[in-house]
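Asker: what's the 3D shape of this:
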Amino acid sequence: MFSIVIEKKAEKFLKKLPQKARRIIVDKILELRDDPFPGGNKEKLEYDHPPVVYRLHVSRSFTVFYIIENDEHLIKIVKITTIEQAHKEYSRR
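Answerer: Reported below is the predicted structural model:
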C-alpha cells in the first residue's frame with residue numbers, strides 16, 4: 001500500500017471546491033493507495049523529462065496529476081484541476 005501526500009497547490013484547489021466535489025475527489029485519490037498504476041481512468045503521461053507524471057480523471061469534471069515514488073511507496077498529488085484546464089496542460093508539454 002502507498003502513502004499519499006497532497007502538495008499545497010493541489011490542497012488549496014481542493015479546499016475551494018464544494019463539499020460534494022471535494023469528497024468525490026478525495027475518495028478517488030484514496031483509491032490510488034492500492035493501485036496507482038495506469039488502467040481504467042488512470043494514465044501515464046508521455047513527457048520527455050522526468051519525473052513521470054500520471055493523471056487520474058475524476059467524474060467528467062476534474063483531473064488529478066500525481067507522481068509515484070516506488071522506493072518510498074509514496075504518491076504525490078501535485079495538481080488538481082478542471083478537465084478543461086487539464087486539456088490545456090496536455091497541449092503545452
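Asker: Give the other helices and strands that the helix or strand hosting Glu84 contacts.
Answerer: Following DSSP states H and E, the helix or strand that holds Glu84 is helix 83-92. Applying 3 or more CB pairs under 8 Å, 6 or more residues apart in numbering; DSSP states H and E, we find helix 83-92 packed against strand 62-69. Where you see a C-beta, it was placed from the backbone N, CA and C, and this is true even at glycine.
Asker: model confidence over the strand it packs on, on average?
Answerer: The average pLDDT within strand 62-69 is 95.
Asker: hang on, the earlier thing: give the buried residues for the helix holding Glu84.
Answerer: Buried residues in helix 83-92, counted by 16 or more other CB atoms under 10 Å: 86, 89.
Asker: surely Ser61 meets Ile83?
Answerer: Yes. Between Ser61 and Ile83 there is a contact at 6.0 Å, judged by CB atoms under 8 Å.
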